[in-house]
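**Q** Any chance you can model this:
(2 chains)
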Amino acid sequence: AQSVTQPDIHITVSEGASLELRCNYSYGATPYLFWYVQSPGQGLQLLLKYFSGDTLVQGIKGFEAEFKRSQSSFNLRKPSVHWSDAAEYFCAVGSYNTDKLIFGTGTRLQVFP
Amino acid sequence: DTGVSQDPRHKITKRGQNVTFRCDPISEHNRLYWYRQTLGQGPEFLTYFQNEAQLEKSRLLSDRFSAERPKGSFSTLEIQRTEQGDSAMYLCASSLGRSHNEQFFGPGTRLTVL
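**A** Purely as a prediction, here's the structure:
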């Protein structure tokens, strides 16, 4: 069965510091991978996605993620965090065979000035 | 493009009552999804439609839950005989085409069952 693990429930960083949010997935076939961000009172917004090609994908708001098949990982990174990046981040997996997304439990990012 | 809209945004009901939520997808999107999100968890898939056809339902969707998309546009999710365990955020999303395409999410309907 498909599953997604986000090991870090809560991360705190200082503004301007670099960020890496971890995501590991379990799926037998080639996965489609997504990172979404959810701010309080807002809907989920897509940051980036991977489904083929270059394993390093660029997204909105300066985020990037790297697909590593050997490690079953799709970690999200940002070189310099802004206070407005404070939110909940969800990794999700889908596939060609199904249109539903399987989400991880999320990582809450807190940014200190 | 006004995005995905959901109504109501909040619903408080008493246990045993029926509730119905509405989702209006982005107009040209043929796929519509319902998810449920409880506190501290990620969204969990409930069901999805391609046009008016309901193509997949999760085991989470008990007999008390029913979803429709009668004309392939808006969708409704009804919960009959609500239970306290139904308290959650109900999210709707829509997409154009297949699985690697972005699902656009609405703001959700927060249900509280007393």
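**Q** so B:Thr13 bridges to which residues?
**A** B:Val113 (DSSP bridges).
**Q** if I look at it, how far off is A:Pro79?
**A** According to CB to CB, to the nearest Å, B:Thr13 and A:Pro79 sit 46 Å apart. Glycine gets a C-beta too; all of them are placed from N, C-alpha and C.
**Q** give me the low-pLDDT residue ranges for the chain?
**A** No chain was given, so I picked chain A. Applying pLDDT under 70 to chain A flags no residue at all.
**Q** actually it's chain B I care about, not the one you picked
**A** Ranges of chain B meeting pLDDT under 70: B:1, B:98-100.
**Q** From A:Tyr36, how far off is the residue in it positioned nearest to chain A?
**A** Nearest residue of chain B to chain A: B:Gly42, at 3.2 Å (CB to the nearest CB). In this view, B:Gly42 and A:Tyr36 are 9 Å apart by CB to CB.
**Q** who has more neighbours, these two?
**A** Each of B:Gly42 and A:Tyr36 has its neighbours counted (other CB atoms under 10 Å in any protein chain shown); A:Tyr36 has more, 26 against 22.
**Q** my guess is the more buried one meets A:Leu46, correct?
**A** Yes: the pair A:Tyr36 / A:Leu46 is scored as a contact, 5.7 Å apart, by CB atoms under 8 Å.
**Q** I'd like to know how far A:Arg69 sits from A:Thr107.
**A** 22 Å.
**Q** between the two, which one's more packed in?
**A** Applying other CB under 10 Å to A:Arg69 and A:Thr107 shows that A:Thr107 carries more neighbours, namely 20 against 10.
**Q** I'd say the more buried one and A:Ile11 touch.
**A** Yes: at 5.9 Å, A:Thr107 and A:Ile11 qualify as touching, with contact defined as CB under 8 Å.
**Q** tell me, what's touching the two both at once?
**A** Residues touching both A:Thr107 and A:Ile11 (CB atoms under 8 Å, 6 or more residues apart in numbering or on different chains): A:Leu21.
**Q** List the contacts of A:Ala87.
**A** By CB under 8 Å, 6+ apart, the neighbours of A:Ala87 are A:37-40, A:108-109.
**Q** one more time with 7 Å
**A** Neighbouring residues of A:Ala87 by CB atoms under 7 Å, 6 or more residues apart in numbering or on different chains: A:37-39, A:109.
**Q** likewise A:Gln2?
**A** Contacts for A:Gln2 (CB under 7 Å, 6+ apart) come out as A:26-27, A:93, A:102.
**Q** One more: B:Ile79?
**A** B:18-19, B:64-65, B:86.
**Q** Kindly export stretch A:81-91 (C-alpha atoms) in PDB.
**A** In PDB, the C-alpha atoms belonging to stretch A:81-91 read as follows (Å, rounded to 0.1, in the frame of the first residue of the first chain):
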ATOM      1  CA  VAL A  81      13.500  31.000   5.000                       C
ATOM      2  CA  HIS A  82      11.200  34.100   5.300                       C
ATOM      3  CA  TRP A  83       8.800  34.700   8.200                       C
ATOM      4  CA  SER A  84       5.900  34.300   5.700                       C
ATOM      5  CA  ASP A  85       6.900  30.600   5.200                       C
ATOM      6  CA  ALA A  86       5.600  29.700   8.600                       C
ATOM      7  CA  ALA A  87       2.800  27.100   7.800                       C
ATOM      8  CA  GLU A  88       2.100  23.400   7.700                       C
ATOM      9  CA  TYR A  89       3.800  21.500   4.900                       C
ATOM     10  CA  PHE A  90       2.400  18.200   3.400                       C
ATOM     11  CA  CYS A  91       4.100  15.700   1.200                       C
END
